[in-house]
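Asker: coords please:
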Amino acid sequence: MKILLTGGTVVSMDPVVGDLDRGDVLIEDGVIVEVAERIDAPDTEVIDATDRIVMPGFVDNHRHTWQTAFRGVGADWTFPEWAVAMHGTVKPHYRPEDVYAGTLLGRLEALHSGVTTMLDWYHVARGHEHEDAAVAALRDAPGRSIFCLGAGWGTPDPVDAGIRRVRSALAGDGLVTMALGLRGPEDTSMDTVARELKLAAELGLRTSLHIVSDGTQRPVADLREHGLLRDTTTFVHGNGISDEELRMLADAGSSLSISPDVELKMGFGSPMTGRALAAGLRPTLSIDDVPSAGGDMFSTMRTAFAVQRGLDGGLRSRDLLEFATVDAAHSCGLADRTGSITPGKDADIILLRAGDLTVFPVTDPVATIVSAGHPGLVDTVLVAGRVVKRDGVLVDVDLAALRARLVESRNRIAAAAGVPLDGTWRPRPE
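Answerer: The predicted model follows:
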């Protein structure tokens with residue numbers, strides 16, 4: 001099957017391909033085969049990209065979709081309040097069907113806003129049925145997804161059997177793959193971290209790890225001392241770690257995922273964007289959780305850009321777009337598959353409405369996307385060459401039924417947990 005995207009403004013994020021004021025993209029069997037100013041391709045499905053910006057889909061390498069049902073309730077919460085609410089109060093009442101509903105709607109939301117690749121950092125840790133429900137939801141959403149299983153979250157329990165079970169179930173799945181969510185050195189022993197890294201290496205899995213410091217802790221240095229830094233690990237947040245430790249991550253080839261909206265709101269501190277760059281580390285961007293922040297990459301880029309420009313003015317708009325596409329794809333081990341419009345890569349592509357009055361006229365496409373972009377611009381989404389959103393509408397998705405299912409889930413959990421949904425819920429950390 002061939003698809004020709006024709007007449008759009010192409011922002012390829014590939015320095016060799018470059019950007020085209022007017023360009024065509026030819027896709028065959030889900031793979032990009034040619035990018036040029038004009039392509040003659042008969043017997044091809046043509047998608048008219050006139051007045052559209054054609055760019056790679058966003059890559060979000062850290063999101064907890066199981067919390068989707070409680071969108072917005074934590075906008076005023078600190079991190080300790082969020083932890084009490086999500087993990088201590090509502091999570092014990094989650095059934096597998098609740099995990100499924102939240103994960104599916106959360107993944108569809110991401111697709112709707114142009115996130116073609118997403119790492120779903122799962123830490124419900126309620127049982128194998130809950131894990132299976134999350135995997136089923138990701139498979140039912142037509143996106144490229146990475147199920148990052150934090151099987152031992154909040155426990156000292158061994159995770160080998162659970163990780164192997166899910167890894168086996170996902171073997172051969174083209175769009176849904178797996179990563180291992182590590183317990184950090186602040187949550188467990190170095191022996192446990194070493195054992196989980198060994199397991200990940202045996203199974204060919206990348207790893208992801210939440211980490212922060214109050215300035216007195218040296219978690220990265222501790223991991224390095226024990227020989228536990230890997231180029232296959234993404235460190236999430238990183239607020240408060242020293243410049244020296246950032247250089248350790250850069251030297252090891254590790255990745256850093258920054259969730260600027262959540263970090264600022266929850267009191268983690270300023271995002272590490274500029275400090276990471278100064279240390280030789282290309283940061284990436286992620287949403288984290290929608291109880292506290294918006295779920296789209298446009299607002300995430302804008303927050304990170306504004307904060308860092310306010311500090312030193314050194315960041316450019318193209319940097320932000322790289323963080324959210326090619327750099328994040330690299331952090332997921334998918335740089336050869338996605339993140340740029342490059343011949344030979346899968347066609348994970350989004351078309352943005354350049355004629356929308358909120359961005360018109362588009363003089364500098366990259367600057368416009370970063371400074372003024374929003375989900376309402378996302379007209380068309382392709383994942384591995386399959387059109388999953390067309391003319392602003394997700395394809396073959398019964399949103400009305402799914403919305404009803406998610407609201408029912410939220411209301412049942414809230415009633416069981418004894419929490420109000422009228423804006424008065426204030427968790428009380430011990």
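Asker: What are the buried residues along stretch 343-357?
Answerer: Going by neighbour count (16 or more other Cβ atoms under 10 Å), the buried part of stretch 343-357 is 345-354, 356. Using the backbone N, CA and C atoms, a C-beta is placed for each residue, glycine as well.
Asker: Which single one of these is nearest to Leu406?
Answerer: Ranking these by separation from Leu406, with Cβ to Cβ as the measure, puts Ile350 on top at 24.3 Å.
Asker: So Asp379: helix, strand or coil?
Answerer: Of the three states, Asp379 takes strand under DSSP: H, G, I helix; E, B strand; the rest coil.
Asker: Report how many residues lie close to the closest residue to Gly150 other than its chain neighbours.
Answerer: Taking Cβ to Cβ, 6 or more residues apart in numbering, and ignoring the residues beside it in sequence, Gly150 has Gly181 as its nearest neighbour in space, at 3.0 Å. Look at Gly181: counted by other Cβ atoms under 10 Å, it has 26 neighbours.
Asker: didn't Gly181 look like it was pressed against Leu205?
Answerer: No. Under the criterion of Cβ atoms under 8 Å, Gly181 lies out of contact with Leu205, with a separation of 10.1 Å.
Asker: all helices in this structure, in order from the N-terminus.
Answerer: Assigned by DSSP state H, the chain shows helices spanning 79-82, 96-112, 128-140, 160-170, 190-203, 219-225, 243-252, 260-266, 273-278, 297-311, 317-323, 326-331, 365-372, 399-417.
Asker: Looking at the last one now, give me its mean pLDDT.
Answerer: Across helix 399-417, pLDDT averages out at 98.
Asker: For it, which outside residues touch it?
Answerer: 68-70, 89-90, 92-94, 97-98, 101-102, 104-105, 108, 420-421 (Cβ atoms under 8 Å, 6 or more residues apart in numbering).
Asker: picking that back up, pick the most deeply packed of the helices of the chain.
Answerer: Among the helices of the chain, the stretch with the highest mean neighbour count (mean count of other Cβ atoms under 10 Å) is helix 326-331, at a mean of 26.
Asker: Go ahead and produce CSV holding the CA coordinates of that one.
Answerer: What follows is helix 326-331, C-alpha atoms only, in CSV (Å, rounded to 0.1, in the frame of the first residue of the first chain):
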residue,chain,number,x,y,z
VAL,A,326,14.3,12.6,17.7
ASP,A,327,15.9,12.8,21.2
ALA,A,328,13.0,11.1,22.9
ALA,A,329,13.0,8.4,20.2
HIS,A,330,16.6,7.8,20.9
SER,A,331,15.9,7.5,24.7
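Asker: which strands and helices sit next to that helix?
Answerer: Taking 3 or more Cβ pairs under 8 Å, 6 or more residues apart in numbering; DSSP states H and E as contact, the helices and strands that helix 326-331 lies on are strand 58-63, strand 255-258, strand 283-285.
Asker: re the thing from before, tell me which of the helices of the chain approaches Arg38 most closely.
Answerer: Scanning these with Cβ to Cβ as the criterion, the closest one proves to be helix 365-372, at 18.9 Å.
Asker: The closest one: how far from the chain's middle?
Answerer: From the chain centre to the centre of helix 365-372 is a distance of 20 Å (Cα atoms, centre = their mean, to the nearest Å).
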